[in-house]
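Novice: the amino acid sequence is not available; the structure is as follows:
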């Protein structure tokens, strides 16, 4: 049912839990941890070490446009059975931006977005 690596990890978690229970039988069940201290360190800090250098004067939509130039046909957004490539998302966001500009929206105007999560929501945010 499980590959060897997964079964080994489950075993390690079970041993971790049993050692806590035998060492502190009076503790509440919510205080026990399945993950080892090493795994906890990896989960909380190792996987979240996502710092990256980028130009501080860059805008989100400017950085997005750069990515569109690099990988126009790569999938940029997936929600349910819908997906958009970077080029498709950019084209739709630009279309919305031009529509908003035509209605008088500019850098000094706030536009609210009220919609459910979807690829269209991303179009709205980027537009």
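Specialist: Here it is on my side, so go on. What you see is a predicted model; the values in this text were computed from it and never measured. Numbering: from 1, shown residues only.
Novice: let me see the backbone angles for residue 84.
Specialist: Residue 84 adopts backbone torsions of phi -130, psi 140, taken as degrees, to the nearest 10.
Novice: what about it, neighbour count?
Specialist: Neighbour count of residue 84, defined by other C-beta atoms under 10 Å: 20. In this view, the C-beta of every residue, glycine as well, is placed from N, C-alpha and C.
Novice: and if you look at residue 108?
Specialist: For residue 108, using other C-beta under 10 Å, the count is 5.
Novice: how long is stretch 51-70 end to end?
Specialist: 21 Å (C-alpha to C-alpha, to the nearest Å).
Novice: how about residue 78, secondary structure?
Specialist: strand (DSSP: H, G, I helix; E, B strand; the rest coil).
Novice: state the distance from it to residue 85.
Specialist: Residue 78 is 11 Å from residue 85, where distance means C-beta to C-beta, to the nearest Å.
Novice: ok, these two, which is more surrounded?
Specialist: In terms of neighbours (other C-beta under 10 Å), residue 85 is the more surrounded of residue 78 and residue 85; the figures are 16 against 10.
Novice: which non-adjacent residue is nearest that one?
Specialist: residue 73 (5.3 Å; C-beta to C-beta, 6 or more residues apart in numbering).
Novice: how about residue 99?
Specialist: Nearest non-adjacent residue to residue 99 (C-beta to C-beta, 6+ apart): residue 127, at 7.9 Å.
Novice: per-residue pLDDT, the one you found?
Specialist: Residue 127 is assigned a pLDDT of 91 by the prediction.
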